[in-house]
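Undergrad: have a look at this fold, sequence not included:
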Ligand code: PEP
Ligand code: MG
């Protein structure tokens with residue numbers, strides 16, 4: 001609870017109006033709203049042919065200014081924070097040639113002024129991303145809009161888009177959305193909490209707010225229509241709620257909850273570096289899943305003992321030229337440096353199909369999830385793949401690295417990847433560059449065929465990591481982004497449990513580690529079930545680590561195993577879930593899956 005918890009409610013009537021959103025960053029705060037409303041006022045005019053060159057020049061100047069601002073913000077946050085890598089990605093997006101080309105086309109052909117051309121282009125790009133059918137890309141559509149916003153601000157001559165030199169601070173920042181550049185300028189001194197209209201648990205505002213330890217509630221529909229500057233707000237970043245004009249009772253309750261939360265956090269911190277064991281003393285490894293290098297320190301902060309899944313495709317998205325070997329090497333090295341001596345599992349790119357990457361001309365498959373994606377694309381474009389493999393091999397000189405290949409469906413693919421990895425190693429050696437002597441190569445088990453043939457894969461793959469998000473999608477034939485079919489897409493489905501059990505048996509037989517890195521690992525009940533099935537390593541979203549840790553520590557392997565034996569006999573996903581809830585009533589239910 002911030003100091004403003006003590007602030008008076010300004011004499012307003014106590015209404016306790018409750019707005020519900022998504023818990024973006026934990027913690028509580030009470031304070032006055034500082035509303036940031038940038039809507040309206042966008043410039044729309046047609047230009048004459050003789051004005052075209054001037055307009056484009058104006059655009060280029062604005063891009064230079066916006067890029068300089070973002071670079072300065074990235075510089076300020078360089079070091080261990082998540083922000084700087086997000087901001088660096090923004091600089092690349094601001095300077096992106098595709099964006100420039102599209103704006104130029106709208107100015108030259110449609111004769112739109114640059115503001116209008118830019119808004120149109122950004123809307124088109126954002127629409128494409130959000131319709132790509134991929135959760136990750138839908139998130140990136142917000143990024144495109146932020147980037148557009150920054151250029152628009154430069155065009156309007158507003159060079160300082162930083163928020164909180166404003167009166168009213170410290171208070172609760174209320175906005176439609178915040179860009180990472182804006183979030184990076186915030187501090188706990190200037191902002192008690194953040195509340196936004198859009199966003200999810202994995203959107204950048206949430207990631208950054210968690211990094212800065214500022215409570216946040218995101219995705220509150222209709223927020224700006226309900227809250228005015230100076231309104232008293234109570235923000236509950238654990239439940240994802242915002243109360244307008246909280247009553248003294250609501251405030252007192254929040255203060256008590258905040259106190260309990262602070263104590264729990266302090267207790268967790270003191271545990272952070274302690275090994276994780278079940279109640280009976282069996283050691284369990286919990287690692288973090290990341291998409292951006294800056295998330296690695298956050299994962300460690302939450303208690304991760306290394307990174308079990310680094311989704312490297314982020315490096316390829318939204319840019320006109322694929323990342324060079326050098327850029328990739330530097331990026332992987334940053335993660336390895338941040339995490340060393342703990343290990344990092346680098347996943348080779350999982351792009352193609354439904355994952356839109358502007359610089360690769362990919363065929364438009366009828367059924368993108370079943371198309372040229374991940375390892376299939378890597379093998380179809382060996383040069384692109386070798387560049388990434390060389391960068392990974394080079395990064396291995398700096399710490400403990402494992403390489404993991406997504407979407408493996410056949411042994412033929414694994415053999416081909418191994419040959420290409422050998423070639424990448426030979427090339428790195430020929431260039432006289434250092435590397436680790438050993439580089440374990442493992443597979444993701446996310447295509448049912450790989451799970452069914454796990455005993456064959458276990459002979460050569462040095463580890464197997466089960467990606468339950470795709471395994472559920474492919475085994476149950478349910479598009480992973482379909483809200484209508486979400487009721488079918490459960491990792492508790494007995495069909496999924498049987499596939500996982502087969503992989504565990506193969507791992508034991510050939511003494512290969514079997515890890516679970518899909519959303520199933522982030523669910524405390526499911527994590528206990530997995531331990532009962534013989535899994536000893538999980539890789540999960542950083543913010544779920546404390547809950548999963550608590551779940552792991554609360555059970556014995558025997559209890560988990562008995563529950564797993566019964567669960568394996570169940571016929572439906574809900575039966576499995578119910579019996580787990582009955583056996584482990586103290587565990588929290590499933591968090592939002594990715
Ligand atoms: C998975 O499929 O479970 C997984 C971890 O990979 P992604 O979510 O990146 O496809
Ligand atoms: Mg996957």
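TA: Nice, I can see it. Being a predicted model, the structure only gives us computed values, none of them experimental. Ligands and ions are numbered 1, 2, ... in the order given.
Undergrad: what residues are up against residue 199?
TA: Contact analysis of residue 199 by CB atoms under 8 Å, 6 or more residues apart in numbering lists 22, 24, 142, 177, 205, 206, 218, 219. Where you see a C-beta, it was placed from the backbone N, CA and C, and this is true even at glycine.
Undergrad: redo that, cut-off 6 Å
TA: 205, 218, 219 (CB atoms under 6 Å, 6 or more residues apart in numbering).
Undergrad: looks to me like it is in a strand.
TA: No. Counting by DSSP: H, G, I helix; E, B strand; the rest coil, residue 199 is not found in a strand; it is coil.
Undergrad: mind checking pLDDT for it?
TA: On the pLDDT scale, residue 199 is placed at 80.
Undergrad: could you do residue 215 as well?
TA: We have a pLDDT of 93 for residue 215.
Undergrad: from residue 198, how far out is it?
TA: 17 Å (CB to CB, to the nearest Å).
Undergrad: what are the phi and psi values at the residue in the stretch 301-450 of the chain that ligand 2 sits nearest to?
TA: For the stretch 301-450 of the chain, the residue closest to ligand 2 is residue 446, as judged by CB to the ion, at 4.7 Å. Here is the backbone geometry of residue 446 (degrees, to the nearest 10): phi -140, psi -10.
Undergrad: verify the contact between it and residue 471 for me.
TA: Yes. Assessed by CB atoms under 6 Å, residue 446 is found in contact with residue 471 at 4.9 Å.
Undergrad: the helix or strand that residue 404 is a member of and ligand 1 in contact?
TA: Taking DSSP states H and E as the criterion, residue 404 maps to strand 401-405. No. If you take CB under 6 Å from any ligand atom as the test, strand 401-405 misses ligand 1, and the best it gets is 9.8 Å.
Undergrad: next one: that strand to chain centre, how far?
TA: The chain centroid and the centroid of strand 401-405 are separated by 19 Å under CA atoms, centre = their mean, to the nearest Å.
Undergrad: residues in contact with that strand?
TA: Taking CB under 6 Å, 6+ apart as the rule, strand 401-405 contacts 344-348, 375, 392, 417, 440-444, 465.
Undergrad: tell me the pLDDT of residue 151.
TA: Looking at residue 151, its pLDDT reads 87.
Undergrad: residue 174: what secondary structure?
TA: Following three-state DSSP, residue 174 is assigned to strand.
Undergrad: that one: what's it in contact with?
TA: Counting by CB under 6 Å, 6+ apart, residue 174 makes contact with 33, 35, 195, 227.
Undergrad: burial count for the residue of the stretch 301-450 of the chain closest to ligand 2?
TA: Close neighbours of residue 446, defined as other CB atoms under 10 Å, add up to 26.
Undergrad: and it, how far is that from residue 587?
TA: From residue 446 across to residue 587, the span is 26 Å (CB to CB).
Undergrad: just give the nearest non-adjacent residue to residue 104, would you?
TA: Spatially, and ignoring its direct neighbours in sequence, residue 104 is nearest to residue 56 (6.0 Å; CB to CB, 6 or more residues apart in numbering).
Undergrad: and the one you found, its phi and psi?
TA: phi -70, psi -30.
Undergrad: what's the spacing between it and ligand 1?
TA: Residue 56 sits at a distance of 39 Å from ligand 1 (criterion: CB to the nearest ligand atom, to the nearest Å).
Undergrad: state the number of residues packed around that residue.
TA: 17.
Undergrad: and for residue 233?
TA: Neighbours of residue 233 using other CB under 10 Å come to 26.
Undergrad: quick one: contacts for it?
TA: 33, 172, 242.
Undergrad: that's a strand at it, yeah?
TA: Yes. Counting by three-state DSSP, residue 233 is found in a strand.
Undergrad: look up the pLDDT of it for me, please.
TA: Residue 233 is assigned 95 on the pLDDT scale.
Undergrad: what do you get for residue 70?
TA: 80.
Undergrad: how about residue 407, what does it touch?
TA: For residue 407, the contacting residues are 374, 375, by CB under 6 Å, 6+ apart.
Undergrad: okay, it and residue 348: tell me how far apart.
TA: 10 Å.
Undergrad: and if you look at residue 298?
TA: Separation of residue 298 from residue 348 (CB to CB) stands at 23 Å.
Undergrad: ok, those two, which is more surrounded?
TA: More neighbours surround residue 348 than the other of residue 298 and residue 348, with 25 against 22 (other CB under 10 Å).
Undergrad: nearest residue to the more buried one other than its sequence neighbours?
TA: Distances taken as CB to CB, 6+ apart place residue 405 nearest to residue 348, at 5.4 Å, with adjacent residues excluded.
Undergrad: what residues does this protein have near ligand 1?
TA: 309, 311, 350, 446, 467, 468, 469, 470, 517, 518.
Undergrad: just those: which are in helices?
TA: Counting by DSSP state H, the part of these found in helices is 468, 469, 470.
Undergrad: quick one: buried residues of stretch 403-421?
TA: For stretch 403-421, the neighbour count (16 or more other CB atoms under 10 Å) marks 403-409, 411, 413-414, 416-417, 420-421 as buried.
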